[in-house]
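*Asks:* Provided below are the primary sequence and the corresponding predicted coordinates.
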Amino acid sequence: MNNQKAKHLITKFLTHQASIADLDELEIWLQDPKNEHLFNSYVQTNYAVEFEMRQFEANDLKRNLQELMVEEKTTIRLKKWRQVISYAAAAVFAGLLVTGYFLKDDIFNKNIETTPRIVNNNIEVGSNKATLTLEDGSQINLEKGTSYQMHNAKSNGEKIEYIAEEGNKTKLANNILTIPRGGMFHLVLADKTEVWLNSESQLKYPVNFIKGDTRKVELVYGEGYFVVSPSTEQEGSKFIVSNQFQEIEVLGTEFNIKAYKNEKNIYTTLVEGKVSVSTVTTKIVLEPSQQANLNLNDDSIDIATVNVDSEISWKNGDFSFRRKPLGEIMKVLSRWYDIDVNFEVPELEKALFNGALGRDQNIEDILNTIKNFGIIKDYEIINKTILLK
């Protein structure tokens with residue numbers, strides 16, 4: 001069996017499209033030790049692996065794969081009437097599931113044969129960069145490879161850190177940190193609260209806090225991950241994150257807020273501790289692993305239990321998508337790569353994708369992964385605009 005056919009069978013296995021004959025052939029191929037490296041490399045390079053599952057031993061991977069193939073064969077025999085097999089295995093491959101609505105052999109083969117049209121691809125991977133606006137309105141560009149320092153703050157181009165000033169201040173001076181499309185940045189406030197800001201985000205905050213008073217910052221728009229310095233270390237002062245639609249009160253916790261411009265939902269995800277989410281009409285309290293979804297159309301709040309690691313994967317250098325529509329996924333990618341995305345067929349926006357991808361990958365690698373699983377047939381890149389077909 002040649003390598004191309006092996007890759008085809010691996011894809012069919014991972015998406016539960018393989019027949020018993022396919023699995024038998026793949027199992028025989030894997031018994032040859034020289035094929036183990038190709039298998040590991042192919043899966044890790046070309047296919048989405050849930051980020052928490054990326055650390056594994058090759059021997060364990062091979063053994064678990066063979067165990068899962070046995071389970072797959074048994075399931076096929078018992079449930080031939082089902083087109084797509086749904087099961088959750090406790091082995092390493094439990095997190096390696098990538099699916100699309102339209103994955104069929106003929107589509108997969110077409111994807112292999114077609115070559116994307118690429119004209120002047122100047123799309124760059126996102127990086128650490130931000131614009132710092134001082135109280136007097138002056139602006140400073142922060143980016144990787146540069147440094148900045150003033151009396152109460154310093155930056156190495158990847159993080160800006162404020163130093164608490166002694167004395168009880170009676171007037172607060174505010175700075176604004178703005179993250180452009182294609183950027184992210186790490187901020188340490190004067191009280192040691194840490195904030196990671198995602199692409200296309202803006203945070204307004206005091207350069208110093210008044211001891212004993214409520215600490216308040218404003219997520220003007222975008223997405224931020226907060227690790228809040230406990231109130232017990234700040235003379236009991238509470239910490240509040242606000243925007244124009246809601247206010248979040250915390251005592252000492254970790255949470256993520258996603259409140260992008262021109263979107264009708266704000267998501268608050270609690271990692272540790274406890275927070276209250278308040279609007280003009282509603283107030284709810286979140287427990288760890290819960291997510292509040294504020295619908296701006298009717299001011300209603302829904303609460304759901306979510307996979308926290310998936311929701312905050314951007315902070316750790318990953319995209320993690322759990323049965324997300326392609327339209328929503330491309331919004332995320334467009335911010336990180338600073339691109340425009342169009343769909344040749346509107347129905348493509350509803351196709352689901354499940355898996356994780358590295359934020360350090362170039363855009364062509366990510367698009368090829370989505371294409372190889374049959375979610376799209378092909379794509380075009382012209383300058384910084386992508387057309388999905």
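*Replies:* Here it is on my side, so go on. Numbers count the residues shown, from 1 in each chain.

*Asks:* I'd like to know which helix or strand in the chain has the lowest mean pLDDT.
*Replies:* helix 105-113 (a mean of 42; mean pLDDT, DSSP states H and E).

*Asks:* Beyond it, next helix or strand please.
*Replies:* Downstream of helix 105-113, the first helix or strand assigned by DSSP states H and E is strand 117-119.

*Asks:* immediately after that following strand, which helix or strand?
*Replies:* strand 127-133.

*Asks:* Going by residue numbers, what spans are helices in this structure?
*Replies:* Assigned helices in the chain, in chain order: 3-14, 20-30, 34-46, 58-78, 105-113, 308-311, 326-337, 363-372 (criterion: DSSP state H).

*Asks:* isn't Asp318 right up against Leu357?
*Replies:* Yes: at 6.9 Å, Asp318 counts as touching Leu357 under the criterion of Cβ atoms under 8 Å. Any C-beta I mention is one placed from the backbone N, CA and C, and that applies to glycine too.

*Asks:* Contact partners for the residue nearest the centre of the chain?
*Replies:* Nearest to the centroid of the C-alpha atoms of the chain, with distances taken as Cα atoms, centre = their mean, sits Phe319, at 3.2 Å. When contacts are counted by Cβ atoms under 8 Å, 6 or more residues apart in numbering, Phe319 is found next to Ser313, Ile329, Val332, Leu333, Trp336, Ala356, Leu357, Gly358, Arg359.

*Asks:* Try it again at 6 Å.
*Replies:* Leu357 (Cβ atoms under 6 Å, 6 or more residues apart in numbering).

*Asks:* Report the separation between it and His186.
*Replies:* 18 Å (Cβ to Cβ, to the nearest Å).

*Asks:* about what we covered before: quickly, which of the helices of the chain bottoms out on average pLDDT?
*Replies:* Of all these, the segment with the smallest mean pLDDT is helix 105-113, scoring a mean of 42.

*Asks:* Show the model's pLDDT score for the residue nearest to the centre of the chain.
*Replies:* pLDDT recorded at Phe319 is 88.

*Asks:* ditto for the one 5 residues further on
*Replies:* Per-residue confidence (pLDDT) for Lys324: 87.

*Asks:* and it, how far is that from Ser289?
*Replies:* Lys324 sits 18 Å away from Ser289 when distances are taken as Cβ to Cβ.

*Asks:* What of Ala21?
*Replies:* Ala21 is 42 Å from Ser289, where distance means Cβ to Cβ.

*Asks:* Likewise for Leu326?
*Replies:* With distances taken as Cβ to Cβ, Leu326 is found 26 Å from Ser289.

*Asks:* And for Phe39?
*Replies:* If you measure Phe39 against Ser289 using Cβ to Cβ, the figure is 34 Å.

*Asks:* And those two? Which one has more around it.
*Replies:* Phe39 (19 against 16; other Cβ atoms under 10 Å).

*Asks:* for this protein, which strand is longest?
*Replies:* The strand of greatest length in the chain, counted in residues with DSSP state E as the criterion, is given as strand 215-227.

*Asks:* Quick one: residues in contact with that one.
*Replies:* Looking at strand 215-227 with Cβ under 6 Å, 6+ apart, the contacting residues turn out to be 191, 194-198, 200-205, 209, 237, 239-243, 254-258, 260-261, 312, 315.
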